[in-house]
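Q: requesting a structural model of the entry that follows:
(chains A and B)
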Amino acid sequence: MPLKPLEEGDCCSSLAPKYGYLDYKGVYDAQTAAFKLRHPNPNQLTAGAQFTEPVPKEAPKARGTDTKHQFEVKKSKVSLRLRLRGWEGSPLVVKKVVLKPAGWFKDKTEYMTLPGGLLEQKDISLKWTEVCVTVELSPPPAFTHPAPAGPPPKAAGAMPYPPAVSAGQFIDTEDPRYIGTPATYISWDLKVGSLPTHKIRAGVEARLHNLAFPTELGLSQAVQAFQTWKNLKDKTANPVTGDWNDVAEDVRKVHDDA
Amino acid sequence: MLERTGSVARTADGLKHLNTITVPGFGVTKLQLVAVNGGATSSYSTQLKTTPGSAAPFCFAPGRLANGNAIDGVNITYTINDPTRSARRGKLELFVRFDKDPVWSIELPAKQLKHGEHSIPWSGYLPAAIAADQSDEANAKFTHRFSGTSGVDKKLFPDNFITAADSPYRLKITVGGDVQGTPPTAWTDFHILLHSIELELGPQDTLKEQRDKDVWTSLGGNLPKEGDANPTKVYLKSNLFKIKGEDMYDNTLFTEYEKLWAQGPNIPVFAKVWVKNAQGQKENAPESAVALGNVKFLWDYEDIAQNTAKFKRAPVKTFVDHALKYYNEDSRPKGDNCHHDRGGKRRDRPYALVGSYRPVLPEQAGENPTAGHKAGHFPFKVEKCERSKRYWSVISYAWTHGALQGKTGVMFQPSRMAGDAYRLTVYLAYDRNESKEPLLDIDGPIDAVVKAKTGIFEIWRRINIANYIRKNNAISDYFAGTAWPEVLSWYQEAFIDPDLSAKTATYLNAVNYDSEADKALLSALGADLYGIYVPAGADQSTGGTALTFNSFSEMESAVKDWFLNNDPTMTDAEATTARDNWVARKFPHRLGAGATDAEKTAAQTARYNQRLNDIAPDIVQAALDGLNLLAAAADGVSIVEFNGLQNQPSRSKTLGVAIDAKGRTRSKCLFMGFAPTDEVMAHEVGHHLMCPHAHGEANGDGDGPGHSPKHHDKDDYHCLMSYNRPLQTFCGLCQLRLRGWDLDQLDKDGAKNEKT
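A: Model (predicted):
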């Protein structure tokens, strides 16, 4: 069967209708064992990978000509499942989420996240290749400065030692430019269907990026950060290698698993 | 708006995978100080919560030992919760109260901001840089070390170490990023504390004047202790005596004492200050004195009320009580020491702390510890408090290094006035207001936990009994008898303590005395009378009396011999008649015609003996002047004692004379005693101390010759300086003068000396 390089955004679900399949299974079944080993998830393929084109499936249905017939095609349904998390790993407490497919102005939708920070858009159009998710967070508690200092205690009788320190005596403040602004609104531009398999470097990198580990510092730095985080989370002391191969499966679990 | 990108997968029916997208962020969750020894911990806070540390307020002793190790090291520990490595910058800052700007700050490089636990050993030094030391990535544990020369303001931290001056402190970590951390800061408040203060007498080499060194010596190397039952006497050597009789009748005593002691003695009072370590104990390492940089020590004194119940006589107590009640409530500190108006130092708030203001705790420029201490200089800087507040107190600063490391002190300068009493207290002036002024600097009662008190200093005048010269060894030692303790007690009532310790006890040189007495007799009497009054070939050095004269009958014989010798033609009978006429003319019996010959002879004998008694003192003084005893005498009172003035029994006896001897100076005098009683010794030495005669009874009985009303309590009829026996103690006005008070500011009417 002919091979074809996969394009950005391709996955078995998006390719199935092109070949007349109702869902991803027929397409995925057509792939080689090696392909499947490298891409265990049919919705997580790799742009550029050699894809075996399945035999187009056309199933003629014989019906009489002078009669109206109604054909029902059960095509595959796909959904977009996002889990929003805070940096500490806990579900994100949000006030509002807006999901907007690129160019699909009418499809702007507001959501409330489900328990666990889950956001699920069922039966999305396969034409959705980019979406924008905008989250409005509950603002962090305002940085409260101590109350103004009251009059100093009078020196009658023995003053306590060490001196009693009232909250208002320390008047240090924070420079907002230094500490940064609170993350009240966050917007993600997401490429739908573009998450590569975790079996490759790009898949690990993309997941780490989604998980907010610092890929901009280089993959090794991001992997180290992930390893450190996981050690502390699991109370283990595994080596911090910075090698993406060492974390691929763990990254997948953290990112993909419910 | 924080903008992120991502790649996500679709999820086909039947599949379960999802896409986790995470908001980047970070937080700093801990900043704590942990003591290396003992493990005490500080409490710490973030915006979200406060985590308690050890029960006691956290403190430690800053400083490094000679080997570079921390004296009482602590670890600055902090935890960065930044799994996504979103922190972009961070800094450690040190704050003090009432100041929004940090007093020290250091940026934390990336390695010091990694997700995990960080620890920085700290000696309290405030460095300029920080470097990574050890890194355990697997366990996310990192150790760093401070490095580099401090860039901290030397005015705040003279030794580049944190000090107790501005304690408590807030150490704060702030971490910044593209978004605000949750939380972005953590802080811990901690203390640099002092454990205790111990007072000690400062070294003698801080003093310039010998008189002050003598005071120092008299203290025996110690300060009075707080718990002492009795005050410690501060002896001001003040051998001040009349040079001429007029000195007793004016205010010379005050002016001369003022010249001698001016603003009073200087007594170096030092305080050894101990820093508290993290175990709450006294830190023994001397290097911990770096914690004392800029620390203020407030020195205060109390004016100890005088106990006038000790006076032996009621009029004295009444007079002194009146004088002590003089603007007591207006002065600071309140008390009854001699008032400024009367030459003392107690006073109300002055217009300025210069000019006529006489501080008990004067300012000191101090010395630079680096250059070390120079003899004759006071080492510590001492500043006055605010004139509008506790103007009588001062603030001192400690040496943080050098020979006097860990010490501070003041030069205590009490008034010169005997009887004044003080107690010194040094407080750690640890707390302050927003203007950085010590809270203790107020016009009112104060107290503080870290302090040390002396016992009571009581000012005394000290006069010396320099020489005690007896005519010969037949004369018993006056000071071993019962009279001297009585004399002593009278002077001590006036806060004068005669000192016998340097007394030299000798005898007159027999040959010289005989010679000088003979010369004096010949000079005073002339050759004819000398031959009549003085036994032929008499040795004046023998016997106990100062002079030896002929008895009346011997004198008569000598007169007859004189006539016979001067007129060879005169018969014995004629000579007898001439003698009788001469004696009758010279020593008339003044009896009526009925008097018997025996009665007449007795009357003439008494008149002769009294005559001898009258002329003898000047002759003895002339003899002693001839010996010039004061030339080689030490300062003080020299006493020459005889067992009587002359050998013939007179009706009235002269027991002593405060003579204006040859060689006298303001600091040397001579007293001739002729078997003096306690009254006579005290009275005559009183003259030398410039006390004139006092009045006796209101009717004039017992008035001392030439008594001076203005020098004595008008209502006291038994002043020691009167002739109104029994003589008892000095009157109140004498006592105040002897203490050094200004006569011109005192009234003989005691009630008029009281002012409120």
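Q: alpha carbons of stretch A:32-48, as PDB, please.
A: As requested, C-alpha coordinates have been extracted for stretch A:32-48 and formatted as PDB (Å, rounded to 0.1, in the frame of the first residue of the first chain):
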ATOM      1  CA  THR A  32       2.400  -1.200  10.200                       C
ATOM      2  CA  ALA A  33       3.300  -2.700  13.500                       C
ATOM      3  CA  ALA A  34       6.300  -0.500  13.600                       C
ATOM      4  CA  PHE A  35       4.100   2.600  13.000                       C
ATOM      5  CA  LYS A  36       1.800   1.500  15.800                       C
ATOM      6  CA  LEU A  37       4.600   0.800  18.100                       C
ATOM      7  CA  ARG A  38       5.900   4.300  17.600                       C
ATOM      8  CA  HIS A  39       2.400   5.700  17.700                       C
ATOM      9  CA  PRO A  40       0.500   3.800  20.200                       C
ATOM     10  CA  ASN A  41      -2.200   6.500  20.300                       C
ATOM     11  CA  PRO A  42      -4.000   6.900  16.900                       C
ATOM     12  CA  ASN A  43      -4.700  10.500  17.800                       C
ATOM     13  CA  GLN A  44      -1.100  11.300  18.400                       C
ATOM     14  CA  LEU A  45       0.800  11.000  15.300                       C
ATOM     15  CA  THR A  46       3.900  12.700  14.000                       C
ATOM     16  CA  ALA A  47       4.000  15.200  11.200                       C
ATOM     17  CA  GLY A  48       6.300  13.900   8.500                       C
END
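Q: could you list the residues in contact with that stretch?
A: With contacts defined as Cβ atoms under 8 Å, 6 or more residues apart in numbering or on different chains, stretch A:32-48 is touched by A:5-13, A:24-25, A:27-28, A:31, A:49-52, A:78, A:193-200, A:202-203, A:256, B:9-12, B:15, B:17. No exception for glycine: its C-beta is placed from N, CA and C like everyone else's.
Q: okay, and which of those residues map to helices?
A: A:12-13, A:24-25, A:27-28, A:202-203, A:256 (DSSP state H).
Q: please enumerate the strands of the stretch 501-650 of chain B.
A: Secondary structure of the stretch 501-650 of chain B, counting by DSSP state E, counting those that start in this stretch: strands at B:504-507, B:636-642.
Q: of all the ones you listed, which lies closest to chain A?
A: Distance to chain A, taken as Cβ to the nearest Cβ, is lowest for strand B:636-642 among the strands of the stretch 501-650 of chain B, at 47.5 Å.
Q: can you name the element that comes right after the closest one?
A: Heading C-terminal from strand B:636-642, the first helix or strand you meet, by DSSP states H and E, is strand B:656-659.
Q: return the residues of the stretch 1-150 of chain A in contact with chain B.
A: Within the stretch 1-150 of chain A, the residues that sit near chain B (Cβ under 8 Å from any Cβ of the partner chain) are A:11-14, A:23-24, A:41-44, A:76-89, A:92, A:118, A:124, A:126, A:133, A:135, A:137, A:140-141, A:143-144, A:149.
Q: give me that answer again for 6 Å
A: Residues of the stretch 1-150 of chain A lying close to chain B by Cβ under 6 Å from any Cβ of the partner chain are A:11, A:13, A:24, A:43-44, A:77-79, A:81-83, A:85-87, A:140.
Q: tell me where the longest helix sits in the chain.
A: Went with chain A since none was named. Across chain A, the helix with the greatest residue count (assigned by DSSP H) is helix A:219-234.
Q: should've been chain B
A: Of all the elements of type helix in chain B, the one with the most residues (DSSP H) is helix B:597-627.
Q: helices or strands next to that one in the packing?
A: Taking 3 or more Cβ pairs under 6 Å, 6 or more residues apart in numbering or on different chains; DSSP states H and E as contact, the helices and strands that helix B:597-627 lies on are helix B:510-533.
Q: do that again at 8 Å, thanks
A: When contacts are defined as 3 or more Cβ pairs under 8 Å, 6 or more residues apart in numbering or on different chains; DSSP states H and E, helix B:597-627 sits against helix B:510-533, helix B:552-566, helix B:572-586, strand B:656-659, strand B:668-674.
Q: coming back round to it: do the longest helix of chain A and chain B meet at all?
A: Yes: if you take Cβ under 8 Å from any Cβ as the test, helix A:219-234 does meet chain B, through A:221-222, A:224-229, A:231-232.
Q: got the CA positions of that helix in PDB?
A: Taking Å, rounded to 0.1, in the frame of the first residue of the first chain, the C-alpha atoms of helix A:219-234 are listed here in PDB:
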ATOM      1  CA  LEU A 219      14.700  20.400  26.500                       C
ATOM      2  CA  SER A 220      17.400  19.200  28.900                       C
ATOM      3  CA  GLN A 221      16.500  22.000  31.300                       C
ATOM      4  CA  ALA A 222      12.800  21.200  31.000                       C
ATOM      5  CA  VAL A 223      13.500  17.500  31.600                       C
ATOM      6  CA  GLN A 224      15.600  18.300  34.700                       C
ATOM      7  CA  ALA A 225      12.800  20.400  36.000                       C
ATOM      8  CA  PHE A 226      10.300  17.600  35.400                       C
ATOM      9  CA  GLN A 227      12.600  15.100  37.100                       C
ATOM     10  CA  THR A 228      13.100  17.300  40.100                       C
ATOM     11  CA  TRP A 229       9.400  18.000  40.400                       C
ATOM     12  CA  LYS A 230       8.500  14.300  40.100                       C
ATOM     13  CA  ASN A 231      11.100  13.300  42.700                       C
ATOM     14  CA  LEU A 232       9.700  15.700  45.200                       C
ATOM     15  CA  LYS A 233       6.100  14.700  44.300                       C
ATOM     16  CA  ASP A 234       6.800  11.000  44.600                       C
END
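Q: so which bits of it are buried?
A: A:219, A:221-232 (16 or more other Cβ atoms under 10 Å in any protein chain shown).
Q: against which helices or strands is that helix packed?
A: Contacts defined by 3+ Cβ pairs under 8 Å, 6+ apart place helix A:219-234 against helix A:201-210, helix A:248-256.
Q: now the angle between helix A:248-256 and it, please.
A: With axes from the mean of the first three to the mean of the last three Cα atoms, to 10 degrees defining the directions, helix A:219-234 sits at 70 degrees from helix A:248-256.
Q: tell me the gap between helix A:219-234 and the middle of its chain.
A: Once both centres are worked out by Cα atoms, centre = their mean, to the nearest Å, helix A:219-234 turns out to sit 18 Å from its chain's centre.
Q: same check, this time on stretch B:200-213
A: Relative to where its chain is centred, stretch B:200-213 has its mean C-alpha point 11 Å off (Cα atoms, centre = their mean).
Q: do stretch B:26-34 as well
A: Computed by Cα atoms, centre = their mean, the chain-centroid distance of stretch B:26-34 equals 53 Å.
Q: average pLDDT across that stretch?
A: Per-residue pLDDT over stretch B:26-34 has a mean of 94.
Q: which parts of the stretch 401-550 of chain B sit against chain A?
A: Counting by Cβ under 8 Å from any Cβ, the residues of the stretch 401-550 of chain B near chain A are B:428, B:430-434, B:439-440, B:442, B:444-450.
Q: out of those residues, which is most surrounded?
A: In terms of neighbour count, residue B:430 stands highest of those at 28 neighbours, by other Cβ atoms under 10 Å in any protein chain shown.
Q: mind listing what the residue of the stretch 1-150 of chain A found nearest chain B touches?
A: Using Cβ to the nearest Cβ, the point where the stretch 1-150 of chain A gets nearest to chain B is residue A:87, with a distance of 3.5 Å. When contacts are counted by Cβ under 8 Å, 6+ apart, residue A:87 touches A:212, B:22-26, B:83-84, B:86.
Q: can you tell me which two in the residues of the stretch 1-150 of chain A next to chain B are farthest apart?
A: Comparing every pair within the residues of the stretch 1-150 of chain A next to chain B by Cβ to Cβ identifies A:24 and A:140 as the most remote, at 41.8 Å.
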